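Enquirer: I would like the atomic coordinates for the input below:
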Amino acid sequence: MPLHRLADFDPSYKETFGGDDIKALDVYTEGGQKIGSVADILVDPDGRFRYVVVDTQYESLDKKILLPIGLSRIDYNTKHVYVDGLSKAQVERLPEYKDSMAVDYDYEEQVRGTYRPSSTGTTFDRDTYNYQQDSSLYDLNDQNHQTFKLYQERLIANKTRVKTGEVTVGKHIETETARVSVPIEKERVVIERVTPTAAGSVVDSNTVKFQEGEVARIEIYEETPDIRKEAFVREEVRVKKVVDQEMVEAQETVRREELDISTEGDLPINQTGTNLTDRI
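Expert: Alright, predicted model coming up:
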């Protein structure tokens, strides 16, 4: 499980702890002897504190070591981190920590092996190991580090697509009687019998050619209407969908747990921030 430096995991960790900088605290034994200062904190991917990086100045020793968080007690009132039973011999046996190094399982095992009681005969497997197997080194849920969670409700807005209807577009045929007018021409023969201008004039009968039968032929024509139907594009219809957006507001009552602190006597109480401290 990869570990992260505190500032890399949470660049605004000072605001997370209400302005307190844990990396500015000095490290003391429970007997009051200063052994160094906090150089950094290593956290797991879930934000849980796993190690305090201690820059030791302890009886001529000067190196950075890792202290499992369960062996420490952070006191923001005195700005001290107290260590339970860290000896000079342990500091000497602990592998040196460097900021540029990657903390892997083998390195952590060297650290844990220094702090574990010598009487334990438990063996550990790198593939199945978890920090709960060394609860005495990493567990803060004791009398000095009692933690619990405050819950709060919040509204989550999601959208669900539902069918509200459908539109069907079709065609039907309507009929009507249409009228059209077209002019036509018809021919007719008009025969007029008129008095000749030379009526009564005498002509030589020898010069007149009398004849019988047909003397003239005139063809008569008329127009007849030719009515037919043709189809043409009267209108064009386009069918498409458009999406309209509107803002829908909803309100609901949400609950939040707040901390109630009741004390007896004149006791100093210091409250730090949330987020990371909730997950120590």
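
Enquirer: Any regions of the stretch 151-280 of the chain where pLDDT drops low?
Expert: 265-280 (pLDDT under 70).

Enquirer: Asp8 and Asp99, how far apart?
Expert: With distances taken as CB to CB, to the nearest Å, Asp8 is found 11 Å from Asp99. C-beta here means a position set from N, CA and C on the backbone, and glycine is covered the same way.

Enquirer: the more surrounded of these two?
Expert: Per other CB atoms under 10 Å, whichever of Asp8 and Asp99 has more neighbours is Asp8, with 12 against 9.

Enquirer: and that one, what helix or strand is that in?
Expert: Per DSSP states H and E, Asp8 falls inside helix 6-9.

Enquirer: Report the distance from the helix or strand following that helix to the chain centre.
Expert: Later in the chain than helix 6-9, the nearest helix or strand by DSSP H and E is helix 13-16. Here helix 13-16 is found 26 Å from its chain centre; the criterion is CA atoms, centre = their mean, to the nearest Å.

Enquirer: Next: stretch 57-70.
Expert: The chain centre lies 45 Å from the centre of stretch 57-70; the measure is CA atoms, centre = their mean.

Enquirer: And stretch 234-245, by the same measure?
Expert: Taking mean C-alpha positions (CA atoms, centre = their mean), stretch 234-245 and its chain are 31 Å apart.

Enquirer: model confidence over stretch 14-25, on average?
Expert: Averaged over stretch 14-25, pLDDT sits at 76.

Enquirer: Convert that stretch to PDB, retaining C-alpha atoms only.
Expert: Only the C-alpha atoms of stretch 14-25 are listed here, as PDB (Å, rounded to 0.1, in the frame of the first residue of the first chain):
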ATOM      1  CA  LYS A  14      -3.200  23.400   7.800                       C
ATOM      2  CA  GLU A  15      -6.700  24.600   7.100                       C
ATOM      3  CA  THR A  16      -7.900  21.000   7.600                       C
ATOM      4  CA  PHE A  17      -6.500  21.100  11.100                       C
ATOM      5  CA  GLY A  18      -8.000  24.500  11.900                       C
ATOM      6  CA  GLY A  19      -4.600  26.300  11.300                       C
ATOM      7  CA  ASP A  20      -2.500  24.000  13.400                       C
ATOM      8  CA  ASP A  21       0.600  22.700  11.700                       C
ATOM      9  CA  ILE A  22       1.400  19.300  13.000                       C
ATOM     10  CA  LYS A  23       4.900  19.500  11.400                       C
ATOM     11  CA  ALA A  24       5.800  22.300  13.700                       C
ATOM     12  CA  LEU A  25       5.500  20.200  16.900                       C
END
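
Enquirer: Which positions within it qualify as buried?
Expert: If you call a residue buried by 16 or more other CB atoms under 10 Å, then stretch 14-25 has these buried ones: Lys14, Thr16, Phe17, Asp20, Ile22, Lys23, Leu25.

Enquirer: Which pair in those has the greatest spatial separation?
Expert: Farthest apart among the buried residues of stretch 14-25 by CB to CB are Thr16 and Leu25. That separation is 15.5 Å.

Enquirer: packing partners for the helix holding Asp8?
Expert: If you count contacts as 3 or more CB pairs under 8 Å, 6 or more residues apart in numbering; DSSP states H and E, helix 6-9 packs onto strand 34-43.

Enquirer: so what does the strand it packs on touch, helix or strand wise?
Expert: Applying 3+ CB pairs under 8 Å, 6+ apart, we find strand 34-43 packed against strand 4-5, helix 6-9, strand 26-29, strand 49-56.
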